[in-house]
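Trainee: How does the following fold in three dimensions:
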Amino acid sequence: MSKDLSKNYGFVVAQNEEEAREKIIAKFPQLKDANFKLRQDEDCLDTWFSSWLWPISVFDGINQPDNEDIKYYYPTDDLVTAPEIIFFWVARMIMAGEEYRGKEPFKNVYFTGIVRDKLGRKMSKSLGNSPDPIALMEKYGADGVRMGMLLASPAGNDLPFDESLCEQGRNFCNKIWNAFRLIQSWEIEDCSENDSIKNDTAIKWFLAVLQKAKTETEDLFAKYRLSEALTLIYKLFWDDFCSWYLEIIKPDYGKKIPFYDFEFTKKIMDDLLKLLHPFMPFITEELYHNLYEGRENESIMFAQFTITEETTNADKKIADFEKIKEIITNIRNIRASKNISPKEKLTLQVLGEIDADYHGIICKLANVEIETVTEKSVGTVSFLVGTTECAIPIGTLVNVEEEIEKAEKEIARLEVFLKSVNAKLSNEKFVAHAPANVIEMERKKQSDAQSKIKALNDNINELKKK
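Mentor: A predicted model of the protein is given here:
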């Protein structure tokens, strides 16, 4: 006669009844010849079972399947989780949602990368290789830590943590704060009814850049490319806004900024804070309240992006300004390579045409006066921007012998490089089997090297005329 021995002999954990019997007999040999039965526990669930029901049970959707909360919040859009629990949790939540609600609990699943140390090991308590987040925030600020880690978190990849990332984030916070302080420090001209925007070209250019960045950011958010979106906004703020726009717009020492230019700059700063807010919530909230008065009961979290680029040819404005940036950068490089002080006013000779709207910007940022010529002067250093040739007469500002020696060394280096490129392109096997884009790249290298050698030789010839 069979007996229920569970009260006397406890329990075992097994995959099936046969395995359970073997384990019981191994544990209690006296039961080997006994006619006993096993009872499966009716109140034992899978380890993850309660987690399966989380999207439903959090709104009491099991006990009250039609309550207002679950009807409003279920299903949601996104789940953010780690990749190692795809089967244990994510897949099971979907199955439970289909079973008990007739629909999946979320539309998208965003898998975060694993944070690893410099050796590539997963950060864990057992290894003791995890930094103290509170200590990091005290040292670099919460926004600095967030921003540094997000920059190094491309979608689908692990995050190789390095404390220098947090330092980069802190430095960016300082850049934002200093830009705000600079704007707030400007004195404003009294305006009259006839006043208008003085820096119209620069403002229209930046509005075009800002609108393009907003559109690209929205697209990257839709694709969950959060790190790329932050990188785009980081470059927009640091490079385009701070290094170019503010340098153009800021008044000369001791002078005031026109009223309308100041107002537009504040609006631009306001929208940049809104773009940055999802990544850096604390500093952007603080500056949002300080940029304009009367925002005590508002939050940047609910603020709308206000500037829309309505001017025509926005892409052309951006492309044209890139050429202006290239001209200014070339002039600055010439100053640096020739040890010419930024305070030394130079002449920029232009063989071609530069839009007159940009003359003021070039003159201000490069400290030059522009002269349109049909032939460049003797003793100039020249460069090409597109099809426009520009030249800087350097006269007695440089040591001729030293400049010729530098140019000859650079020519020698380029000739060695060109020889290696020519060897590739003259190799029939390489040309026959290499991908078209690789061959095209080599030909571009060849063309660029030839152009640079020619320009250097021209500069040497000009220097020798002195």
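
Trainee: just checking, what packs against the one helix or strand residue 203 maps to?
Mentor: Using DSSP states H and E, residue 203 sits within helix 200-222. If you count contacts as 3 or more CB pairs under 8 Å, 6 or more residues apart in numbering; DSSP states H and E, helix 200-222 packs onto helix 226-235, helix 246-249, helix 259-276, helix 314-338, helix 359-366. For the C-beta atoms, the positions are set from N, CA and C on the backbone; glycine is no exception.

Trainee: now it: how far from the chain's centre is it?
Mentor: Centroid separation for helix 200-222 versus its chain: 14 Å, with CA atoms, centre = their mean, to the nearest Å.

Trainee: can you pull the buried residues of that helix?
Mentor: For helix 200-222, the neighbour count (16 or more other CB atoms under 10 Å) marks 201-214, 216-217, 220 as buried.

Trainee: and that helix, C-alpha only, in CSV?
Mentor: Listed next in CSV are the C-alpha coordinates belonging to helix 200-222 (Å, rounded to 0.1, in the frame of the first residue of the first chain):
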residue,chain,number,x,y,z
ASP,A,200,22.4,89.2,-39.7
THR,A,201,24.7,86.9,-41.7
ALA,A,202,26.1,85.1,-38.7
ILE,A,203,22.7,84.7,-37.0
LYS,A,204,21.0,83.3,-40.2
TRP,A,205,23.9,80.9,-40.6
PHE,A,206,23.6,79.6,-37.0
LEU,A,207,19.8,79.3,-37.2
ALA,A,208,20.2,77.1,-40.2
VAL,A,209,22.8,75.0,-38.4
LEU,A,210,20.6,74.8,-35.3
GLN,A,211,17.5,73.7,-37.2
LYS,A,212,19.5,71.1,-39.0
ALA,A,213,21.0,69.8,-35.8
LYS,A,214,17.5,69.6,-34.2
THR,A,215,16.2,67.6,-37.2
GLU,A,216,19.2,65.2,-37.1
THR,A,217,18.8,64.8,-33.3
GLU,A,218,15.1,63.8,-33.6
ASP,A,219,16.1,61.3,-36.2
LEU,A,220,18.8,59.8,-34.0
PHE,A,221,16.5,59.7,-31.0
ALA,A,222,14.0,57.8,-33.1
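
Trainee: ok, back up a step: between the helices and strands packed on helix 200-222, which one is closest to residue 188.
Mentor: helix 259-276 (5.2 Å; CB to CB).

Trainee: Quick check: which ranges of the stretch 301-450 of the chain have low pLDDT?
Mentor: For the stretch 301-450 of the chain, applying pLDDT under 70 flags the ranges 308-312, 395-399.

Trainee: quick one, longest helix in the protein?
Mentor: With secondary structure taken from DSSP state H, the chain has its longest helix at helix 436-464.

Trainee: related to what we said a few turns ago, mind putting the helices and strands packed on helix 200-222 into TSV with distance to residue 65 and mean neighbour count?
Mentor: Listed next are the helices and strands packed on helix 200-222 as TSV, based on distance: least, CB to CB, whole Å; neighbours: other CB atoms under 10 Å:
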stretch	distance to residue 65	mean neighbour count
helix 226-235	35	18
helix 246-249	57	18
helix 259-276	40	20
helix 314-338	52	17
helix 359-366	65	18
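
Trainee: Kindly reformat those helices as a markdown table containing distance to residue 455.
Mentor: Listed next are the helices and strands packed on helix 200-222 as a markdown table, based on distance: least, CB to CB, whole Å:
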| stretch | distance to residue 455 |
| --- | --- |
| helix 226-235 | 29 |
| helix 246-249 | 28 |
| helix 259-276 | 38 |
| helix 314-338 | 12 |
| helix 359-366 | 19 |
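
Trainee: looking at those, which is closest to residue 189?
Mentor: So among these, helix 259-276 is nearest, using CB to CB, at 5.8 Å.
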